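# sequence plus the predicted model coming up.
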Amino acid sequence: MKSKWLGLSLLLIPTISLGQSSFVQSVFNQGMIKHGKEIYLQRCVGCHGVNGDGKGEAAMFLDPKPRDFTTGTYKFRSTPLDSLPTDEDLMRTLSKGLTGTSMPSFHLIPEVSRLAVIQYIKTFSDAWQDEDNYNGPLGGAPLPAEAFRSHDSFIAMAKKGRALYVENCLTCHGQEGLGDGEGAEGLEDDWGFAIKPANLTLKSIKSGHSVEDIYRVIMTGIGGTPMPSFKDVISDKEMWDVSAFVLYLRGKGAGMYGDELPISKITEDEI
Ligand code: HEC
Ligand code: HEC
């Protein structure tokens, strides 16, 4: 699925990646950044601050705090931990917002304006000038769509996922997924704020509701937080099993297994 802005974003990055910056392109980029700044000053400044440091006027009332864009560390990416997000990642965050936090969804502002403000927030950090920080998305294994459609195969996956969860996740997310494991105490993020492992039984997984969103976050980890990347720990295929178990936990708590998944209520003795 290639939308218009993806094509546009390809035009914007080449200043670094192709080294062929033409006059036309740089005028185009400047126009985008100027428009992005206007949007930023209207829509983002109150939380993210005029210098992009996350210290807008509303920030003192918010938890979690608005992102500080000056460090170049981003939580939600499709790319490896410590890499910059792609424009598509930032577009996802902007379009969907971050559930359970004050970060709103901006799907009502035109796509081109969303893309422009994305280019503008990049001006707050030099990290975007260093080619080493750019990496492509981690692919992972394709979604076993059929397995997620049948009650029995879903349960089989979630069972395998439970064993991997106990081994890798329980220490932070706890036995029941409430975010209260032994390792959950006293955690801090890279910006110096206290942070808790997510309560996986709630609806509010920040990066989205679909099983693909859960898979991506397990694969890539959450930048600037103690949530590690499991890319080299759990196999690409088995990460779908873990994702199924996370869905099971959410189904148990919030009664919601995932967008568009026809899974009927699962009882505890089935898993
Ligand atoms: C009402 C406050 C608020 C407004 C307005 C707001 N944000 Fe945010 N934003 C947040 C908070 C809070 C977070 C951090 C959530 C977290 O860390 O879990 C965030 C996170 C983000 C992230 C995620 C970065 C990452 O680490 O992956 C991006 C990108 C972002 N905001 C861009 C914007 C842009 C662009 C605008 C304006 C169009 C905007 N925000 C407006 C509160 C806000
Ligand atoms: C060292 C502690 C730690 C371990 C181990 C850990 N997590 Fe996390 N996890 C966190 C923290 C902290 C957050 C919250 C980050 C945030 O809100 O910014 C989190 C958030 C999440 C989220 C919510 C993502 C979102 O978009 O809101 C999911 C899903 C998740 N973890 C799944 C897992 C799974 C599955 C495992 C094991 C394979 C695991 N975690 C292991 C600490 C951990």
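Done, it's in. Ligands and ions are numbered 1, 2, ... in the order given.
# alpha carbons only for contacts and neighbour counts from here, please
OK.
# for the stretch 101-250 of the chain, what lies in contact range of ligand 2?
Neighbours of ligand 2 within the stretch 101-250 of the chain, by C-alpha under 6 Å from any ligand atom: 165, 168-169, 171-172, 195-198, 205-207, 214, 217-218, 225-227, 242.
# residues touching stretch 187-201, excluding its own?
172-173, 177-180, 184-186, 205, 224-227, 246, 249-254 (C-alpha atoms under 8 Å, 6 or more residues apart in numbering).
# out of the residues of the stretch 101-250 of the chain next to ligand 2, which end up buried?
Neighbour counting by 16 or more other C-alpha atoms under 10 Å classes 165, 169, 171-172, 195-198, 205-207, 214, 217-218, 225-227, 242 among those as buried.
# how far off centre is stretch 221-241?
Mean-position distance between stretch 221-241 and its chain equals 13 Å (C-alpha atoms, centre = their mean, to the nearest Å).
# hmm, back to that, could you list which of the residues of the stretch 101-250 of the chain next to ligand 2 belong to helices?
Among those, DSSP state H puts Y165, N168, T171, C172, I214, V217, I218, V242 in helices.
# return the member of the residues you listed nearest to T99.
Closest to T99 out of those is I214 (13.1 Å), distances taken as C-alpha to C-alpha.
# tell me the confidence at the closest one?
At I214, the model reports a pLDDT of 96.
# show me the contacts for it.
Applying C-alpha under 8 Å, 6+ apart, the residues near I214 are S207, G208, S243, V246.
# break this protein into its domains for me.
4-133, 151-270 (automatic domain parsing).
# weakest of those domains by average pLDDT?
Lowest mean pLDDT within the domains of the chain: domain 4-133, a mean of 89.
# how about that one, does it get close to ligand 1?
Yes: judged by C-alpha under 6 Å from any ligand atom, domain 4-133 and ligand 1 are in contact via 40, 43-44, 47, 64-67, 74-76, 90, 93, 101-103, 117.
# please consider this matter closed, and thank you.
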